[in-house]
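**Q** Kindly generate the corresponding structure for this input.
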Amino acid sequence: MNEPARLAEEEAASLWVARMDGGAWSEADEAELQRWLAQDPRRHGLLLRTHALWQVPHIEPQAVALEEDAPLDIRTPGWRRRGVLGGLLAASAAGIVGALLFPGRGVGYVTKVGEIRRVPLVDGSVMTINSGTELQVRIAKRAREVELAQGEAWFEVAKDAARPFVVASGKVRAKAIGTAFSVRKRDNGVEVLVTEGVVETWSDGEEAQRVRLSAGQCALINDHAIVHYETDKPLSVDRALAWRSGMIDLDGTTLADAADEFNRYNDRQIVIADPDAAGERFDGLFRINDPEGFAEAVRNALDLTVNTSDPRFIRIQRGTKPQTL
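**A** Predicted coordinates for the structure are as follows:
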């Protein structure tokens with residue numbers, strides 16, 4: 001391919017990625033994209049490479065709602081976009097720490113601590129990636145596969161009966177055709193929460209233990225069995241996925257579990273230094289980047305001591321005189 005033709009192809013791929021990032025994606029858009037891809041098999045790889053380089057805007061840390069096609073970086077203020085330069089989209093180390101093309105494996109994404117990112121995929125699906133997550137995405141002619149190494153992501157899956165959408169984390173599998181669900185890797189297994197449609201989940205080698213989850217249901221699966229299964233609890237699912245809007249929704253959550261949630265998003269870690277205090281339960285809705293606000297609310301509600309003298313930690317325990325935040 002000569003140089004003018006190559007640049008034209010690169011610019012066309014850039015425009016496609018910009019369209020996917022720019023707003024609603026219709027069936028007509030998808031059909032047009034597939035026609036463009038079918039004209040030259042090399043365009044599949046080109047689109048993936050261009051998509052990996054795409055840098056979308058950052059939202060102010062104070063923002064609450066995750067806007068359409070926008071990442072929520074709770075630690076980096078201001079909007080910024082890298083535009084088209086010479087027909088190529090410039091790469092940036094900000095936002096997705098790594099969005100690299102792995103030959104034969106698809107595109108890899110790594111989000112840093114405190115970053116939430118919304119990523120449109122070439123099949124029309126969209127994934128929202130939570131803080132501290134690492135995953136690989138492979139969209140092929142007969143399969144759509146995601147491998148979640150760590151962290152959590154929520155998937156809005158475009159309907160395509162010929163290409164089931166499967167998320168794998170270790171031996172655990174979650175399969176959907178057209179639905180919306182999240183997958184989170186925990187220490188004791190993999191949690192699957194369904195917000196729309198039906199998802200089938202199981203552990204590789206334990207196919208007899210398959211379970212079908214519908215909207216409002218969730219399950220925790222390890223390598224051998226279903227560890228925990230909840231049905232018809234849409235409010236619980238919505239609370240667990242409040243991070244998509246940059247929030248943590250606590251509903252009778254223990255302080256130990258609440259601290260773990262805040263610690264997912266912040267370099268400054270909350271330490272519950274008293275075993276008795278760790279079991280106290282708490283309600284409230286907080287921004288994920290506001291551990292200080294959470295600590296102050298806990299101090300006022302539960303009469304606990306909050307020590308903020310160390311900039312690396314917020315220590316919560318029983319005591320006689322809380323420290324002013």
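
**Q** State the phi and psi torsions of the residue nearest in space to the middle of the chain.
**A** For the chain, the residue lying nearest the average C-alpha position, counting by C-alpha atoms, centre = their mean, turns out to be residue 129 (1.8 Å). Backbone geometry at residue 129, expressed as degrees, to the nearest 10, gives phi -100, psi 130.

**Q** For it, give me its contacts.
**A** By C-beta atoms under 8 Å, 6 or more residues apart in numbering, the contact set of residue 129 is 109, 111, 116-119, 135, 151-153. No exception for glycine: its C-beta is placed from N, CA and C like everyone else's.

**Q** now residue 276
**A** Neighbours of residue 276 in contact, by C-beta under 8 Å, 6+ apart: residue 318.

**Q** if we can go back for a sec, what is the nearest of the contacts of residue 129 to residue 191?
**A** residue 152 (8.1 Å; C-beta to C-beta).

**Q** per-residue pLDDT, that closest one?
**A** With respect to pLDDT, residue 152 scores 98.

**Q** hey, what's it bridged with?
**A** Listed by DSSP bridges, the beta-bridge partners for residue 152 are residue 184.

**Q** ok so, going back, what's the most distant pair in the contacts of residue 129?
**A** Maximum distance among those (C-beta to C-beta): 14.7 Å, for 118 and 151.

**Q** send the alpha carbons of stretch 128-140 over as CSV?
**A** The C-alpha trace of stretch 128-140 is given here as CSV (Å, rounded to 0.1, in the frame of the first residue of the first chain):
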residue,chain,number,x,y,z
THR,A,128,-17.3,0.4,31.8
ILE,A,129,-14.1,-0.5,33.5
ASN,A,130,-13.7,0.1,37.2
SER,A,131,-10.6,1.2,39.2
GLY,A,132,-7.6,-1.0,39.3
THR,A,133,-8.7,-3.4,36.5
GLU,A,134,-6.8,-5.4,34.0
LEU,A,135,-8.5,-7.2,31.1
GLN,A,136,-8.2,-8.3,27.5
VAL,A,137,-10.8,-8.0,24.8
ARG,A,138,-10.9,-10.1,21.6
ILE,A,139,-13.7,-9.5,19.1
ALA,A,140,-13.6,-12.1,16.3
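
**Q** Pull the number of nearby residues for the residue nearest to residue 136 when sequence neighbours are not counted.
**A** Using C-beta to C-beta, 6 or more residues apart in numbering and skipping the chain neighbours, the partner closest in space to residue 136 is residue 147 (4.5 Å). By the measure other C-beta atoms under 10 Å, the count of residues near residue 147 is 17.

**Q** From residue 134, how far off is residue 147?
**A** Using C-beta to C-beta, to the nearest Å, residue 147 is found at 9 Å from residue 134.

**Q** Can I get whichever strand or helix holds residue 46 as CSV, trimmed to CA atoms?
**A** Using DSSP states H and E, residue 46 sits in helix 42-53. Only the C-alpha atoms of helix 42-53 are listed here, as CSV (Å, rounded to 0.1, in the frame of the first residue of the first chain):
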residue,chain,number,x,y,z
ARG,A,42,-6.5,-5.6,7.2
ARG,A,43,-8.9,-3.0,8.4
HIS,A,44,-9.9,-5.1,11.4
GLY,A,45,-6.4,-4.8,12.8
LEU,A,46,-6.1,-1.2,11.9
LEU,A,47,-9.3,-0.4,13.7
LEU,A,48,-8.2,-2.2,16.8
ARG,A,49,-4.8,-0.4,16.8
THR,A,50,-6.5,3.0,16.4
HIS,A,51,-9.1,2.2,19.1
ALA,A,52,-6.2,1.3,21.5
LEU,A,53,-4.7,4.8,20.9
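
**Q** Outline the domain layout of the protein.
**A** What automatic domain parsing lists as the domains of the chain is 3-237, 246-317.

**Q** Enumerate every residue touching the residue nearest to residue 136.
**A** Contact analysis of residue 147 by C-beta under 8 Å, 6+ apart lists 135-136, 138, 167-169.

**Q** distance of it from residue 229?
**A** 24 Å.

**Q** quick one, what contacts residue 261?
**A** Here residue 261 is in contact with 248, 250, 253, 288 (C-beta under 8 Å, 6+ apart).

**Q** now for those residues, which pair is the farthest apart?
**A** Longest span within the contacts of residue 261, C-beta to C-beta: 253 and 288, 14.0 Å.

**Q** quick one, which of the two is more surrounded?
**A** residue 288 (24 against 19).

**Q** Quick check: buried residues in the longest helix seen in the chain?
**A** When the chain is parsed with DSSP state H, its longest helix is helix 3-21. Residues 9-11, 13-14, 16-17, 20-21 are the ones in helix 3-21 that count as buried (16 or more other C-beta atoms under 10 Å).

**Q** same deal with stretch 290-304?
**A** 290-292, 294-299, 304.

**Q** One more: stretch 106-116?
**A** 106-112, 114-116.

**Q** Among these, which one sits closest to residue 159?
**A** So of the buried residues of stretch 106-116, ranked by how close each gets to residue 159 (C-beta to C-beta), first place is residue 106, at 20.4 Å.

**Q** Can you tell me who that closest one pairs with across the strands?
**A** residue 102.
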